[in-house]
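Engineer: have a look at this prediction, sequence included:
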Amino acid sequence: MAKRKRKPARRKKKRNPITPLAKPAEPEPTPPPIDPNLPSFDYLEDKDLDDPSDVDQIVADITLDIEMGYFLKWEAITRWEHGQRLSQAHKTALDDIADFSRKQKEPVLYINEMARPCEPWYETVRKVLPRLVLEKIDTTEEYYETTWNGWPVLANTLVEHGQDLSVPSKVRSPLNVISLKIQHHLWLQYSLSVFAGLGSDEELSLTNEEQLPRLENFIELLEKCKASVAFFKLTLDGLLGMLILPEQDAVILRQELLSRLALPSADVRLADYL
């Protein structure tokens with residue numbers, strides 16, 4: 001497999017992306033198979049999907065490459081090689097490739113010194129994105145920023161730069177190459193990231209008034225993620241059950257949210273009050 005050098009994964013500042021879960025699109029046909037005799041690049045080569053740092057790197061790389069048009073250009077090349085229909089986006093992508101002519105007969109081996117991906121973009125995304133899912137979030141633990149922002153940033157990138165990418169048959173949107181269950185879980189995970197760090201330091205506690213703005217931020221994000229709350233039919237206790245945090249913070253958080261959301265109890269459907 002052809003390789004490329006990547007900068008080490010970095011922890012990035014949090015962003016605040018909220019994207020519709022399923023923007024309908026007219027999908028392109030599933031791309032043709034890749035010739036195993038041609039050089040290719042494997043995002044997962046030499047990577048361990050049980051290693052959060054590797055997952056962080058892969059998600060960052062895929063997101064950047066979608067934004068930069070890497071996948072679209074190679075889809076255009078493989079369609080041209082197989083004589084398949086080219087969309088206007090594919091034609092534009094081919095026009096942007098230096099030293100390429102549609103009259104040439106030999107296959108393209110590299111674009112900007114990068115080989116073609118060894119599999120469709122969505123196959124790699126389907127393998128790596130579920131690794132971001134946390135069944136329980138321990139607020140005293142440190143996580144890579146991709147744990148919180150990986151899906152929201154990727155989702156925004158797909159909406160802005162990925163609508164011309166091929167998708168599997170019967171899939172209407174690039175976003176929905178990922179199951180709705182995982183999408184909704186990662187949106188909730190993103191909203192709960194507001195509480196990251198609670199309990200890891202004496203000052204990082206909801207008993208400290210300086211930390212209370214976290215609650216306002218959380219409610220704002222939760223309202224934007226209302227569809228995800230409704231998807232799981234969550235109650236307040238069900239949502240907070242995704243968190244592991246110090247007992248005193250858990251008590252304050254529950255009481256504050258009951259009051260601020262005007263909930264009659266912690267076991268009503270939360271989405272009805274957002």
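Structural biologist: Happy to help now that I have it.
Engineer: just the strands in the stretch 151-274 of the chain please.
Structural biologist: Applying DSSP state E, counting those that start in this stretch to the stretch 151-274 of the chain gives strands spanning 243-244.
Engineer: before we move on, what about the stretch 1-150 of the chain?
Structural biologist: Using DSSP E, counting those that start in this stretch, strands in the stretch 1-150 of the chain cover 40-41, 116-117, 137-138.
Engineer: can you tell me which of those is packed in deepest?
Structural biologist: strand 116-117 (a mean of 24; mean count of other Cβ atoms under 10 Å). For the C-beta atoms, the positions are set from N, CA and C on the backbone; glycine is no exception.
Engineer: what strands flank it, and is each parallel or antiparallel?
Structural biologist: Sheet pairing of strand 116-117 (DSSP bridges) gives strand 40-41 (parallel).
Engineer: could you give the mean pLDDT of the partner strand?
Structural biologist: For strand 40-41, the mean pLDDT works out to 94.
Engineer: and for stretch 215-226?
Structural biologist: 96.
Engineer: which residues are in contact with it?
Structural biologist: 16, 18, 187-188, 190-192, 194-195, 206, 229, 253, 256-257, 260-261, 271, 274 (Cβ atoms under 8 Å, 6 or more residues apart in numbering).
Engineer: and Thr124, how many neighbours?
Structural biologist: 21 (other Cβ atoms under 10 Å).
Engineer: distance of it relative to Lys224?
Structural biologist: For Thr124, the distance to Lys224 equals 28 Å [Cβ to Cβ, to the nearest Å].
Engineer: what's the answer for Leu198, then?
Structural biologist: For Leu198 relative to Lys224 (Cβ to Cβ), the value is 21 Å.
Engineer: the more surrounded of those two?
Structural biologist: Taking neighbours as other Cβ under 10 Å, Leu198 and Lys224 compare with Leu198 leading, 24 against 17.
Engineer: could I get the pLDDT score of the nearest residue to that one once chain neighbours are set aside?
Structural biologist: In space, and not counting its chain neighbours, Leu198 is closest to Thr139: 4.2 Å by Cβ to Cβ, 6 or more residues apart in numbering. The score at Thr139 is 97. That number is its pLDDT.
Engineer: I'd assumed Val194 was in contact with Thr139.
Structural biologist: No. Counting by Cβ atoms under 8 Å, Thr139 does not reach Val194; the two are 9.8 Å apart.
Engineer: picking up where we left off before, what sits against the residue nearest to Leu198?
Structural biologist: Phe195, Ala196, Gly197, Leu198, Gly199, Ser200, Leu243, Ile244, Leu245, Pro246, Asp249.
Engineer: ok, it to Ile62 distance?
Structural biologist: 28 Å.
Engineer: same thing with Leu212?
Structural biologist: 37 Å.
Engineer: who has more neighbours out of the two?
Structural biologist: Remark: of Leu212 and Ile62, Ile62 carries more neighbours, 22 against 12, as counted by other Cβ under 10 Å.
Engineer: so that one makes contact with Lys47?
Structural biologist: No. Under the criterion of Cβ under 8 Å, Ile62 makes no contact with Lys47, lying 11.7 Å away.
Engineer: dump stretch 176-188 to CSV, keeping only the CA atoms.
Structural biologist: This file holds the C-alpha atoms of stretch 176-188, laid out as CSV (Å, rounded to 0.1, in the frame of the first residue of the first chain):
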residue,chain,number,x,y,z
ASN,A,176,-26.6,8.5,6.4
VAL,A,177,-23.8,6.1,5.5
ILE,A,178,-23.7,6.0,9.4
SER,A,179,-26.7,4.5,11.2
LEU,A,180,-29.1,6.9,12.8
LYS,A,181,-28.5,5.3,16.2
ILE,A,182,-24.8,6.1,16.1
GLN,A,183,-25.4,9.6,14.7
HIS,A,184,-27.9,10.5,17.5
HIS,A,185,-25.6,9.0,20.1
LEU,A,186,-22.7,11.1,18.9
TRP,A,187,-24.8,14.3,18.9
LEU,A,188,-25.8,13.6,22.5
